[in-house]
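[1] generate coordinates for the sequence data below:
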Amino acid sequence: MEVVILAAGKGTRMFSALPKVLHAIGGKPMLQRVIATAIEINAKQIHVVVGFGADKIKAKLGNPGLGQTINWVMQEEQLGTGHAVQQAASFINSDDNDNTILVLYGDVPLIQASTLIRLLSLADKNSISLLTLATANNQGLGRIIRDENEDVVAIIEEKDATEEQRAITEVNSGIMAIPAARLADWLSRLDNANQQAEYYLTDIVAKAVQDGCKINALTIDAENEVQGVNDKTQLAQLERHLQMTNNSKLIEQGVTLRDPARVDVRGELNCGQDVEIDVNVIFEGAVTLGNNVSIGANVIIKDSSIGDGSEILANSNIDGAQIGNETAIGPSARIRPGTVLHNKVKIGNFVETKNAIIGNGSKANHLAYIGDAEIGENCNIGAGTIFCNYDGANKHKSTLGNNVFIGSNSVLVAPVSLADNAFVAAGSAINSDVPENHLAVGRGKQRNIKGWKRPTKNQN
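    Sure thing, here's the model as predicted:
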């Protein structure tokens, strides 16, 4: 079985310079979702027909990381779905009588693998299988024409349909499975004698009937599964449907969502037991939450793991980090890529970390920047502390041993090393190493000036 994905359209109604199929659903481009589904059903080859924005599409998805090579097919002119499949026909193995071509669409992102497997089971070398939808919302869609025996004999596009045909509520999804050995012949017999002056792939159904082929229809009623995206409204509708589907699965697995309508999973989220997630939380990329994890309101977590018993307080942002067990973050903390927090670490409000490894029990309770640092166990980083890691050209590292205390409003100018039990007095600028059990004081001497007069405003 081979898959042909049609993805050449511009998407004029999206009002965007971005090709339509690269607009995201659940954090992934629509086309990427369709490719992933094709791989899930074990397609031997995936042909993606591209046109508008082809270079952007190939740059974004040329190596989707799914273990499958994509055959990119160019459709220079968009002359209809039949014309698009014609561009891929020469790449298809038509010599294998058992080969089936499954036609999918890059802007129909929520089609399910289970549905496609059922559809493929109805196809063979002497039949076409169609995925149809039973819906009263049939505007703009091709109608399924059946004969007196209820056999499918044709598909009529709405613009070419009679009033009687337009009343039909069984519509074409566009998705079909076609015997590869017969596809080229049917494609060669297409014409563009219709209102759109396009070559419709759907016209091969009538030609297959003329040739004595059986048309098998799999009819579903899940509109969102076969909904195509033509504008931003439809994009938003499918996004919300996907999010509610994801969140329903999380709830079934025992996750507590304070409001399922206000949690977005834009990637893959794995949760342990007794996880609680408050409102307006966004998960991006691959995120893992351990047991008894609590996520506060307005939190964003991307490509990170959170250990058992940890608490992420409101308004915090975590990106590319490993968080240990029983660690507390926030509120309003920013944890940037390369951060590793071990167990029982405390990162408080308005603390930012990047490329920082922080040992068990250490804490930075508020108003600090920790960059390019390795901090031992049970250290205290005082309020207003800055790790100066950048000299204008290169980054440098600060290293702290265990039980190091950094007083408030201090500056550590890297590269610098502070040994175990070092103590830095508040307001110090430290630019040389501090030995074990030493107090470092690096601040200017205070002077009190007698008789000083406060400036006053000029009265003129």
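[2] Gly376 versus His438, what's the distance?
    Using C-beta to C-beta, to the nearest Å, we find His438 at a distance of 16 Å from Gly376. (Each C-beta comes from the backbone N, C-alpha and C, glycine too.)
[3] neighbour count: those two, which is higher?
    Gly376 (21 against 13; other C-beta atoms under 10 Å).
[4] you'd agree the more buried one is up against Gly401?
    Yes: in terms of C-beta atoms under 8 Å, Gly376 counts as a neighbour of Gly401; the distance is 4.8 Å.
[5] where in the stretch 351-460 of the chain is pLDDT low?
    In the predicted model, the stretch 351-460 of the chain carries no residue with pLDDT under 70.
[6] got it, and the chain?
    Scanning the chain with the threshold set as pLDDT under 70 gives 63-68.
[7] re the thing from before, can you check which residues contact both of Gly376 and Gly401?
    Any residue near both Gly376 and Gly401 by C-beta atoms under 8 Å, 6 or more residues apart in numbering counts here, and that gives Asp420.
[8] neighbours around Phe423, how many?
    Residues lying near Phe423 (other C-beta under 10 Å) number 17.
[9] list the beta-bridge partners for it.
    Listed by DSSP bridges, the beta-bridge partners for Phe423 are Phe405, Leu439.
[10] please apply the same query to Leu104.
    Beta-bridge partners of Leu104, counted by DSSP bridges, are Ile5.
[11] ok, now which ones touch it?
    Applying C-beta under 8 Å, 6+ apart as the definition, the contact partners of Leu104 turn out to be 3-6, 34, 37-38, 111, 116, 175.
[12] what of Ala286?
    Applying C-beta under 8 Å, 6+ apart, the residues contacting Ala286 are 267-268, 303.
[13] change it to 10 Å
    267-270, 302-305 (C-beta atoms under 10 Å, 6 or more residues apart in numbering).
[14] if any of those residues are buried, put those into a ChimeraX selection.
    To isolate in ChimeraX the members of the contacts of Ala286 that are buried, counting by 16 or more other C-beta atoms under 10 Å, one can use:
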select :267,269,302,303,304,305
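[15] just flag the most distant two among the contacts of Ala286.
    In terms of C-beta to C-beta, the contacts of Ala286 reach their longest pairwise distance at Asn270 and Lys302, which sit 14.3 Å apart.
[16] show me what the helix or strand Val351 falls within is packed up against.
    When elements are defined using DSSP states H and E, Val351 is found to belong to strand 346-358. Packed against strand 346-358, as judged by 3 or more C-beta pairs under 10 Å, 6 or more residues apart in numbering; DSSP states H and E, are the following elements: strand 317-319, strand 328-329, strand 334-335, strand 340-341, strand 363-375, strand 380-381, strand 386-388, strand 398-400.
[17] where's the closest residue to Ala440 other than its chain neighbours relative to Asp420, distance?
    On the basis of C-beta to C-beta, 6 or more residues apart in numbering, the spatially nearest residue to Ala440 that is not a chain neighbour turns out to be Val434, at 4.5 Å. In this structure, Val434 and Asp420 are 10 Å apart, going by C-beta to C-beta.
[18] tell me which of the two has more neighbours.
    For Val434 against Asp420, the residue with the higher neighbour count under other C-beta under 10 Å is Val434, and the figures read 23 against 15.
[19] please enumerate the helices of the chain.
    For the chain, the helices identified by DSSP state H occupy 30-40, 54-61, 81-89, 113-121, 163-166, 180-188, 203-210, 232-252, in order along the chain.
[20] that concludes my questions; thank you for your assistance.
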